[in-house]
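1. build the 3D model from these lines:
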Amino acid sequence: MPTRSGPPQRPLQQRPAGAPTVKTGPLGAVPCPWCNFKMDFRAMAGQDMGGMGEGSIGLETGSVFSCDKCGKGCKIAALDRITIVKLAPVNLAPRPATARRR
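-> Numbers count the residues shown, from 1 in each chain. Coordinates of the predicted model:
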């Protein structure tokens with residue numbers, strides 16, 4: 001086998017067989033890392049986070065929850081805040097002058 005030039009490579013980190021991966025989803029449909037059931041966290045998020053709750057009740061990194069379907073545990077690994085801008089069309093051309101009717 002020929003020798004490889006360049007910096008040494010780090011060994012790949014392998015996860016144990018059957019261990020779930022981190023799942024990502026919108027606040028209203030976050031998939032369970034065990035069974036992929038989409039859970040709704042909007043009630044726990046304050047309005048400042050885009051949810052319908054009154055405060056951020058336990059919705060922070062490291063909080064542990066159980067899946068609504070399979071009951072297995074999962075924890076919040078990270079929270080990302082995304083701002084979405086929606087644009088509506090508007091006519092910027094001036095209106096033509098029309099004669100007044102009496």
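
2. which strand or helix spans Arg95?
-> Counting by DSSP states H and E, no helix or strand carries Arg95.

3. what is the neighbour count of it?
-> 6 (other CB atoms under 10 Å). In short, each C-beta sits where N, CA and C put it, glycine included.

4. and it, how close does it get to Leu87?
-> 22 Å (CB to CB, to the nearest Å).

5. try Val22
-> In this view, Val22 and Leu87 are 33 Å apart by CB to CB.

6. any low-confidence regions in this structure?
-> 1-20, 47-58, 99-102 (pLDDT under 70).

7. tell me how far Thr61 lies from Ala78.
-> Here the criterion is CB to CB. By it, Thr61 lies 6 Å from Ala78.

8. do the same with Gly71
-> Gly71 sits 23 Å away from Ala78, going by CB to CB.

9. one more: Ala43?
-> Distance from Ala43 to Ala78, by CB to CB: 20 Å.

10. the more surrounded of these two?
-> Neighbours per residue (other CB under 10 Å) separate Ala43 from Ala78, with Ala43 holding more: 13 against 8.

11. how about the more buried one, secondary structure?
-> The assignment at Ala43 comes out as helix when based on DSSP: H, G, I helix; E, B strand; the rest coil.

12. my guess is Phe65 is in a helix, correct?
-> No: applying three-state DSSP, one finds Phe65 to be strand, outside a helix.

13. against Lys38, how distant is it?
-> With distances taken as CB to CB, Phe65 is found 13 Å from Lys38.

14. residues in contact with the nearest residue to Val64 once chain neighbours are set aside?
-> Closest residue to Val64 apart from its sequence neighbours, by CB to CB, 6 or more residues apart in numbering: Lys75 at 4.6 Å. For Lys75, the contacting residues are Gly62, Ser63, Val64, Phe65, by CB atoms under 8 Å, 6 or more residues apart in numbering.
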